[in-house]
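*Asks:* Take this sequence and fold it.
(chains A, B, C and D)
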Number of protein chains: 2
Amino acid sequence: MVSAEIPDPDGLASRVVSLHFTVIIAAKATEAKQGGKALSESAAPPSKADARSPGQDAASSRPAVRSRPTLRTIAAETGLAVTTVSRALAEDPHIKAATRALVRAAADRQGYVPDRAAQRLRTGRTRVVQLLLNLDHEFLGVTHELIGGLSEALAGTGYSVTIFPDLIGEDRLARVRRIVETRLGDGVIFNRTEPFDPRVRYLLEQGFPFVSHGRTEFTTPHPWVDFDNEAFARIAVERLIAKGRKRLLMILPPANFSFAQHLRWGAVAAAKGAGIICEIPEAITLDTSERETIAWLRHRLSQPDRPDGIIGVGEVAAMAALAAISDCGLTPGDQIDVVAKRASAIFDLMRPRIDTMVEDLRLAGRTMGETLLRTMAGEDVSQLQVLHQPLIEF
Amino acid sequence: MVSAEIPDPDGLASRVVSLHFTVIIAAKATEAKQGGKALSESAAPPSKADARSPGQDAASSRPAVRSRPTLRTIAAETGLAVTTVSRALAEDPHIKAATRALVRAAADRQGYVPDRAAQRLRTGRTRVVQLLLNLDHEFLGVTHELIGGLSEALAGTGYSVTIFPDLIGEDRLARVRRIVETRLGDGVIFNRTEPFDPRVRYLLEQGFPFVSHGRTEFTTPHPWVDFDNEAFARIAVERLIAKGRKRLLMILPPANFSFAQHLRWGAVAAAKGAGIICEIPEAITLDTSERETIAWLRHRLSQPDRPDGIIGVGEVAAMAALAAISDCGLTPGDQIDVVAKRASAIFDLMRPRIDTMVEDLRLAGRTMGETLLRTMAGEDVSQLQVLHQPLIEF
DNA sequence: ACGCATTATTGAAACGTTACAAACGGGGCT
DNA sequence: AGCCCCGTTTGTAACGTTTCAATAATGCGT
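*Replies:* Have a look, this model is predicted:
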């Protein structure tokens, strides 16, 4: 067991990391000594402009980062002032078009890329979007799809996505506050929103750009992207009723999340309208472990008044239901039916096939990214809220 | 359809983002005007030290970020020089212990957090780990688990994880080069490593810290974390043989990835040793769409010389196999068996249950993070390579 | 030619931090 | 007493950018 300590200037508790090795393979110990010679196909020759500090690669433990082109090197090459170069690259109309072109050419030739740290220090803007992610509970593809969509929306804008772990048991507001107070990003995106989510309230107060995945019940409008879980639940109930099912069952997310409410409303309303009931167990939620969920369902399905229709809110729930159904010797489509919400192609791989509705999380991620960009651009999006409808597949 | 444009000073192609709304709900338009009054439970009172720029919140479109405590404010409060404060907070032994304590106290009182941008500008270190992620192909939990493990390893170290999208069809080396050249991070982590991965070669040349998920065949050692796919394949073959299976089938990842080779070696060697064959189709890989894979498998399973044992390299492959088996009227455990590699709890939810081995991707992520930290700390980890063994569950 | 209003460019300062070299004070030694 | 040296502390400069105010260059009318 080896350990390494990393300095922690943030004032957070430092900790010692340790490696548990299963096997260590020692490869042939060829000395890996190479000069800092960059591959020649790289960017462009550093130009004859007088780059300072020609070489100091000997002592420095950090690799000799071949001094990057900067505004100054461009200024030197073009004979202009640094200020002019800066403004030219920003396409400032105060700068003559010809000059702008000249500067741009020089910048391209040198392979100039602005230094993020310097920009950030000067302007206070980070060009970072913080994505709060629950790293414990989300299952299957949601993280992947959310990030994928977000990245799509941000591609080419200069913004990058940073993952901000949102562990359970932690104060979720504190996480957001840290981002705002220490300016860790220009905007925040998070999910698992609550009806009176303190994060939303705080971010609104601070005027800090954000988009939540899920609505709140604040009267103050704020940007959000949500899936119409109420519609999903309603349609699912109707579908099961159409199949002649009368005793429905649905497992909800933990009650503190907004979408748990929506699901409940949708299902209860639809069931009541048809004069049947939709059972919603208290003891168990979507965050309950698979093992427990299956055990509970097995028990429930072996009772005389067992449900004959199950609404799977998400893939794991649906699969758990199918497993329990199978374990009880029942057959979906025969004595019981399952309608599920899906976010990936996983049910294409499941047998028997069941009715599903799609929640396109990649689209959600993309929309959140786009909405956040607009919010950060200063657009008034307090009225801008996007509700995605379930895509019905039966 | 609405559109917004974001300035793009990076010189990358700018693009217009567009929003496709499914439904727009207009919430009640309560004016969301609040003062920048921060919640009082926040960090700490800003101290009586002379913070410059008392207020300029009127005109600025950006929210009035209540001027943060800085080294200077601490210096003012303690009557020390900025330099001293800086070194004291860095626990520099040149600074008297009493002074250090004094400074630390003042820093805590003011709620000081060092400005990342300034540190970064000055030191050239970003405190960011770039995680290259293929956002198209990875399936199910791998992204999630990898990020989760990585975050665990980095928690409390001051490093944060930034997602660097690694889209298919793009020049993967170019992505890494961009990170290094524009210093987007202090280290890189990536997966889907190739036997002679140009990224590894480049990063070694540059002396840039990285850890790859997967080995290479370079003679120069470099840090990597890998799963022993060869062992997995061997054990899977042996398991199927033990069940009396004689005609095995395994679908490989695209041939250019290292782990495709390892899987092949392991399976072929084990099969040859037992005098049977392990079929590896050319036409189809793990990156083939589920639909196509199932179709192919259905076709294959309906031929007279059909395989009687399938090795599922990953959850999707195994589920596709199970689906095809079911579609062909076969029963796992009866005429055919499946052994799969799993990375999530998903097979606990599958019926019938099959034999699986676990590739702990969260552990992989964690180990990669820890290894990267050590690499960045300057430790010579050129010899440090971690091979995780499959956890056998049968 | 002159002044005046634009237009185009520039210098200096600043963002918050760290690195370097220099200064300070005091004690121990000769 | 004088000297040197060590343990502490400090001033200055720099990282690369943007912004403000000020300057230089042009055009125009009179």
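*Asks:* Select the helix or strand of chain A having the lowest average pLDDT value.
*Replies:* Of the helices and strands making up chain A, the lowest-confidence element is strand A:17-19, at a mean of 35, by mean pLDDT, DSSP states H and E.
*Asks:* got the contact list for the residue nearest to residue A:72 when sequence neighbours are not counted?
*Replies:* In this structure, residue A:72 finds its nearest non-sequential neighbour in residue A:82, 5.8 Å apart by CB to CB, 6 or more residues apart in numbering or on different chains. The way it works is simple: take the backbone N, C-alpha and C, and place the C-beta from them, glycine included. With contact taken as CB atoms under 8 Å, 6 or more residues apart in numbering or on different chains, residue A:82 is in contact with A:71, A:72, A:75.
*Asks:* Top of these by number of neighbours, please.
*Replies:* residue A:71 (22 neighbours; other CB atoms under 10 Å in any protein chain shown).
*Asks:* Return the residues in contact with that one.
*Replies:* Contacts of residue A:71 (CB under 8 Å, 6+ apart): A:82, A:85, A:86, A:89, A:112, A:114.
*Asks:* Show me those that map onto helices.
*Replies:* Using DSSP state H, the members of the contacts of residue A:71 that fall in helices are A:82, A:85, A:86, A:89.
*Asks:* got the residues of chain A near DNA strand C?
*Replies:* Contacts of chain A with DNA strand C, taken as CB under 7 Å from any atom of the strand, map to A:9, A:79-84, A:87, A:93-96, A:99, A:118, A:121-122.
*Asks:* tell me the two of those residues that are most distant?
*Replies:* A:9 and A:96 (44.8 Å; CB to CB).
*Asks:* the more surrounded of those two?
*Replies:* More neighbours surround residue A:9 than the other of residue A:9 and residue A:96, with 15 against 11 (other CB under 10 Å).
*Asks:* Report pLDDT for that one.
*Replies:* Confidence at residue A:9, expressed as pLDDT, is 36.
*Asks:* ditto for residue A:21
*Replies:* 38.
*Asks:* can you check the one 3 residues further on too?
*Replies:* Confidence per residue is given as pLDDT, and for residue A:24 that number is 37.
*Asks:* Looks like residue A:264 contacts residue A:280 (just checking).
*Replies:* Yes. Using CB atoms under 8 Å, residue A:264 makes contact with residue A:280 at a distance of 6.5 Å.
*Asks:* and residue A:266, that's in a helix?
*Replies:* Yes. Under DSSP: H, G, I helix; E, B strand; the rest coil, residue A:266 sits within a helix.
*Asks:* can you pull the buried residues of the host helix or strand of residue A:188?
*Replies:* Per DSSP states H and E, residue A:188 falls inside strand A:187-190. For strand A:187-190, the buried set under the neighbour-count rule, 16 or more other CB atoms under 10 Å in any protein chain shown, comprises A:187, A:188, A:189, A:190.
*Asks:* closest to DNA strand D among those residues?
*Replies:* residue A:187 (18.1 Å; CB to the nearest atom of the strand).
*Asks:* Relative to residue A:166, how far out is the residue found closest to that closest one once you drop the neighbours it is linked to in the chain?
*Replies:* Nearest non-adjacent residue to residue A:187, counting by CB to CB, 6+ apart: residue A:209, 4.0 Å away. Separation of residue A:209 from residue A:166 (CB to CB, to the nearest Å): 18 Å.
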